[in-house]
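K.L.:
mind looking at a prediction? Sequence and model below.
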Amino acid sequence: MNKTLNKLLATDEPAAATLRNEFGSSPFFILVDHAGNSVPRALDRLGVSEADCERHIAWDIGAAAVAHLVADTLDATLVQQNYSRLVIDCNRAPGSAASIPEVSELTRIPGNIGLSESQRTVREREIFWPYHDRIAAELDRRLSEGRRTVLVALHSFTPVYLGVARAWQAGLLYNRDPRFAKVLMTLLRREELLVGDNQPYSVSDATDYSIPVHGERRGLLHVEVEIRQDLIADEMGQKSWATRLARLLPLAHQELMASERPQAP
């Protein structure tokens, strides 16, 4: 494994970010921070087994498939990150302890141990920043066009974490602005779903990047949606959840806008 690299991605390898429905008409703008589990060839799979690269430690299983279906149904723009979070986690601030993990859950990641600053920098330069720069550019364009934007970050979570079962079917995450999450949560719970309120995770400046930077700092309505992986591991589950979200996201937006509209005297 060659850790000393000036360039990480070969010319025939996937780009860090993929844009879908670039000129979509929907107000919804979808992010998938952990869409892919690819590892650049130069990193020799980070010394991790192929089986481990298929696990949740490497990516958000099912999230990209659901996001694609939702984006296409709503004609929403989507930006996804194609490389494994084990290479660099694009929902963690560069330089943080969780950015390039040496251990994920209980699995050691040999290719991440003892990296120099320059070795970390090349991953940031070729994977992290191209993804977030593309998001920023698209959001800037929408702002210049005077378009309303609702940011939706789509993730999935493992049904069992460190031996503890998680009963939630979905979770909605937020930090400073809970408005959109709360309305969407009510709609999901009406469908007799067990929905976590900032569970199984919560959003913070210390533990997240996409929502704080692209949502909160811009003052956009936003939510992070987490779906339990076993519910979206196959095509049937992915279609079911995509249909649900494509129906409820616009309804939540309509209800929130109606509730915040000034009342006539």
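P.N.:
Received the coordinates, thanks.

K.L.:
now the helices for the stretch 151-265 of the chain?
P.N.:
Here the stretch 151-265 of the chain has its helices, by DSSP state H, counting those that start in this stretch, at 179-190, 210, 235-260.

K.L.:
low-confidence ranges, the stretch 51-200 of the chain, go.
P.N.:
Judged against pLDDT under 70, the stretch 51-200 of the chain has no low-scoring part.

K.L.:
please name the nearest non-neighbouring residue to Ala165.
P.N.:
Pro159 (6.6 Å; Cβ to Cβ, 6 or more residues apart in numbering). Yep, even glycine has a C-beta here, placed from its N, CA and C like the rest.

K.L.:
pull the number of nearby residues for that neighbour.
P.N.:
Applying other Cβ atoms under 10 Å, we find 16 residues neighbouring Pro159.

K.L.:
roughly how far does it sit from Asp230?
P.N.:
From Pro159 across to Asp230, the span is 5 Å (Cβ to Cβ, to the nearest Å).

K.L.:
return the residues in contact with Pro27.
P.N.:
Pro27 makes contact with 147-150, 253 under the criterion Cβ atoms under 8 Å, 6 or more residues apart in numbering.

K.L.:
cool, Asp230 as well?
P.N.:
If a contact means Cβ under 8 Å, 6+ apart, then Asp230 has 159, 237 as its contacts.

K.L.:
please repeat the previous calculation with a cut-off of 10 Å.
P.N.:
Taking Cβ atoms under 10 Å, 6 or more residues apart in numbering as the criterion, Asp230 is in contact with 61-62, 156, 158-160, 169, 237.

K.L.:
just the ones in strands from the residues you listed, please.
P.N.:
156, 160 (DSSP state E).

K.L.:
quick check: the two most widely separated of the contacts of Asp230?
P.N.:
Spanning the widest gap among those are Val160 and Gly237, at 17.2 Å by Cβ to Cβ.

K.L.:
who's more crowded, those two?
P.N.:
Using other Cβ under 10 Å, the more surrounded residue of Val160 and Gly237 is Gly237, with 18 against 11.
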